[in-house]
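In: A predicted structure for the sequence below; I have some questions about it.
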Amino acid sequence: MNGLDVLILRGAPGVGKSTLGRGLRRQLDHGSVIEVDDIRGMLARVDWTSRVHHDIALSVALDALLSFVRADVRPVVLIDTFSRSRLQGVQSRLRAAELRHHTLSLWLQPELLAARLRERKSGFCDWEPSRVLNDEARTNRYPNEELIDTTPMTPEDVLAIAQARLFQHAEARAS
């Protein structure tokens with residue numbers, strides 16, 4: 001399963017990115033999973049609404065991603081909300097490094113997303129920015145990106161799709 005260098009998971013808070021990342025971490029024989037929020041949480045007095053703190057964490061995550069790839073630890077799964085401009089910046093950096101990458105954008109029906117955010121005990125749970133990110137994931141397609149509507153799916157269903165994409169890219173590289 002090593003045809004893809006990077007799998008990006010994006011979507012609003014609450015759509016299932018972290019759950020999918022944990023599932024992939026358990027299933028991968030080789031590779032790594034980097035969640036930008038984990039790095040962000042390392043900042044002293046982190047402000048979860050600060051774009052500066054987000055950009056610092058994303059920069060560190062990208063440096064770690066490139067280090068893993070140089071050490072042939074791949075695929076690297078990179079998890080973040082990835083607004084349009086941040087996603088385009090990351091994809092540009094990956095193309096410049098000649099890394100094969102694919103983006104899975106997770107979307108959830110808005111009422112279910114709102115309910116999940118209300119149930120959160122920690123992490124980002126502000127509805128309006130989450131709604132905007134959720135809408136953007138659904139309506140805007142970027143290069144190497146695919147939308148997954150997680151509304152009717154179990155976490156295992158979403159994991160199976162992500163694994164299939166990793167496997168497809170490995171097969172494409174082998175042929």
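Out: In hand now; what should we look at?
In: For Leu7, give me phi and psi.
Out: Leu7 adopts backbone torsions of phi -110, psi 120, taken as degrees, to the nearest 10.
In: Relative to Trp48, how far out is it?
Out: 24 Å (C-beta to C-beta, to the nearest Å). Glycine gets a C-beta too; all of them are placed from N, C-alpha and C.
In: If you count surrounding residues, which of the two has more?
Out: Using other C-beta atoms under 10 Å, the more surrounded residue of Leu7 and Trp48 is Leu7, with 26 against 16.
In: and that one, how far is that from Asp47?
Out: Distance, Leu7 to Asp47, using C-beta to C-beta: 28 Å.
In: same thing with Thr151?
Out: From Thr151 to Asp47 the distance is 31 Å (C-beta to C-beta).
In: tell me, which strand in the protein spans the most residues?
Out: Ranked by residue count and defined by DSSP state E, the top strand of the chain is strand 101-107.
In: Pull up the pairing partners for that strand, direction included.
Out: Strand 101-107 has its sheet partners listed here by DSSP bridges as strand 6-10 (parallel), strand 145-149 (parallel).
In: List the buried residues for the following helix or strand past the last one?
Out: Looking back up the chat, that one is strand 145-149. Scanning forward in sequence from strand 145-149 by DSSP states H and E, the next helix or strand is helix 155-174. Across helix 155-174, burial judged by 16 or more other C-beta atoms under 10 Å covers 158-159, 161-162, 165-166, 169.
In: Next: stretch 86-98.
Out: 86-87, 90-91, 94.
In: contacting residues for Arg120?
Out: Contacts here follow C-beta atoms under 8 Å, 6 or more residues apart in numbering; on that basis Arg120 touches 13-14.
In: Now do it, the pLDDT please.
Out: pLDDT, Arg120: 89.
In: Check the one 4 residues further on too.
Out: Per-residue pLDDT puts Phe124 at 79.
In: and what of the one 5 residues further on?
Out: pLDDT recorded at Pro129 is 93.
In: Same check on Val73?
Out: 95.
In: Show the contacting residues for it.
Out: Contact partners of Val73, counting by C-beta under 8 Å, 6+ apart, are 30-32.
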